[in-house]
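# Below: sequence and its predicted model.
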Amino acid sequence: MKILVIGASGKTGREVVQQAIDAGEQVTAFVRDAARLTIRGPGLTVFEGDVTDPQDLRNALAGQDAVISTLGARARSTVSGPFRTKADEGLMQKSTAALIEAAEAEGVRRVVVMSTFMLAPNFRAGILKPLELYYKSMNDDKRAAEELLRRSPLDWTIVWATRLTDGEPSSAARLVPVTETVTPRNTIARSDAAAFLLAQVKDHKTIRREAVCTGN
């Protein structure tokens, strides 16, 4: 399978790229700065471009079978207080709109996107409620981006990963049913999250659905 990985130079994106290479997939790593991706391997192509530019994405999407996006906006402090940040100028909405346009143009339907479990209906912040305020702008941007995907004709899957760690992979990684509450205490190793994302690409049961994954 030919897979385009967006956000490939990030911590989770690198895990996706490496695992896909190890599985024998043909991988195109879409990055803003190729120097930040040090992974090499058979079947890997590194594509440098702007994730908000539909033409750059079209060029990278040509001939692909599926897309995995681990793209995430960075938190930036604002003058309004220590518990407020704002997203990188609506990066998630802009990049998602560009991806939808490019994927439709190139006939690539399967798109798996990693988002935050803070948007899941069964998320509860509990005593860490200030986290929701801190990430409000970023989460609003991600929520709007998710809605763009839901309204698109693509075969999307939105994966709400719990708090990501750099821990060792674990066989305990699992789907969280909507009847089970998730909190900031739930974590998942990036390697496990990457494996989950890759598995969804070929799982037709998750098309046009959301899923929460965690390691505990």
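Perfect, I can see it now.
# which residues in this protein form helices?
11-22, 54-61, 91-106, 130-134, 136-151, 190-201 (DSSP state H).
# shaky segments in this protein?
Within the chain, the stretches with pLDDT under 70 are 73-88.
# one more time with 90, if that's ok
For the chain, applying pLDDT under 90 flags the ranges 72-89, 125-138, 167-175, 177-178, 216.
# Enumerate every residue touching Val5.
Taking C-beta atoms under 8 Å, 6 or more residues apart in numbering, we find Val5 in contact with 13, 16-17, 20, 27-30, 67-70. Every residue, glycine included, has its C-beta placed from N, CA and C.
# Narrow the residues you listed to those that are buried.
Those of these that meet the buried threshold are 13, 16-17, 20, 27-30, 67-70, by 16 or more other C-beta atoms under 10 Å.
# could I get these as JSON lines with distance to Arg174?
JSON lines is the format used below for the buried ones among the contacts of Val5 (distance: C-beta to C-beta, whole Å):
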{"residue": "Gly13", "distance to Arg174": "22"}
{"residue": "Val16", "distance to Arg174": "19"}
{"residue": "Val17", "distance to Arg174": "24"}
{"residue": "Ala20", "distance to Arg174": "21"}
{"residue": "Val27", "distance to Arg174": "26"}
{"residue": "Thr28", "distance to Arg174": "30"}
{"residue": "Ala29", "distance to Arg174": "28"}
{"residue": "Phe30", "distance to Arg174": "29"}
{"residue": "Val67", "distance to Arg174": "24"}
{"residue": "Ile68", "distance to Arg174": "20"}
{"residue": "Ser69", "distance to Arg174": "22"}
{"residue": "Thr70", "distance to Arg174": "20"}
